[in-house]
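Undergrad: Here is my input, please return the structure:
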Amino acid sequence: MKTFKPVLAAILGGLILGTGVTAYGADNGNKDTKSSSRRVVIPFVATTGLYSWRVGDDNSLLLEARHNDWYKATFKGYCPPLKFEYQIGVIADPMGSFDEFSKVLVDDRICYVDTLEHIANPDKAAKNKAS
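TA: Residues are numbered from 1 along each chain as shown. Presented below is the predicted three-dimensional model:
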């Protein structure tokens with residue numbers, strides 16, 4: 001029995017390590033893997049991380065963060081129409097970040113973020129469409 005525990009631990013450790021290596025090897029170098037699998041976070045929203053915002057075409061919220069990075073937030077369930085951009089409140093997490101688990105205050109209602117994705121600058125995209 002004394003030698004069984006180390007052997008069992010070595011076998012289980014090898015299985016776990018082998019699974020991790022296989023999972024890493026399957027994704028490594030594959031260009032078809034989605035980059036959206038990474039969690040999108042806007043850091044420091046509570047202090048200096050958010051510069052401006054605007055309403056998207058589909059009642060989504062477009063957020064401009066530091067370094068001219070733009071993000072698109074969509075909402076779960078019903079969220080009142082985002083008519084007035086100056087009446088939107090962003091509720092950050094305790095660390096001051098904004099992600100897909102954050103909330104937005106619109107007309108005294110809390111809207112829960114469903115997705116948050118990094119997008120291209122909407123001004124440049126509109127300019128490219130026009131030309």
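
Undergrad: Trp53 looks like it's in a strand, true?
TA: Yes: read with DSSP: H, G, I helix; E, B strand; the rest coil, Trp53 is one of the residues of a strand.

Undergrad: Contacts only, for it.
TA: Contact partners of Trp53, counting by C-beta atoms under 8 Å, 6 or more residues apart in numbering, are Leu61, Leu62, Leu63, Glu64, Glu85, Ile88, Val90. C-beta: built from backbone N, CA, C; applies to glycine.

Undergrad: Mind doing that once more with 10 Å?
TA: 61-65, 70-71, 73, 82, 85-86, 88, 90, 104 (C-beta atoms under 10 Å, 6 or more residues apart in numbering).

Undergrad: what's the distance between it and Gln87?
TA: Counting by C-beta to C-beta, to the nearest Å, the separation of Trp53 from Gln87 is 11 Å.

Undergrad: Do a quick rundown of the strands in the chain.
TA: Per DSSP state E, the chain carries strands over the ranges 50-55, 61-65, 70-75, 88-91, 103-106, 109-119.

Undergrad: Using TSV, lay out those strands together with distance to Arg38.
TA: Formatted as TSV, these follow (distance: least, C-beta to C-beta, whole Å):
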stretch	distance to Arg38
strand 50-55	20
strand 61-65	16
strand 70-75	13
strand 88-91	21
strand 103-106	22
strand 109-119	9
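
Undergrad: Give me the below-cutoff pLDDT ranges for the chain.
TA: In the predicted model, the chain carries pLDDT under 70 at residues 1-37, 83-86, 125-127, 129-131.
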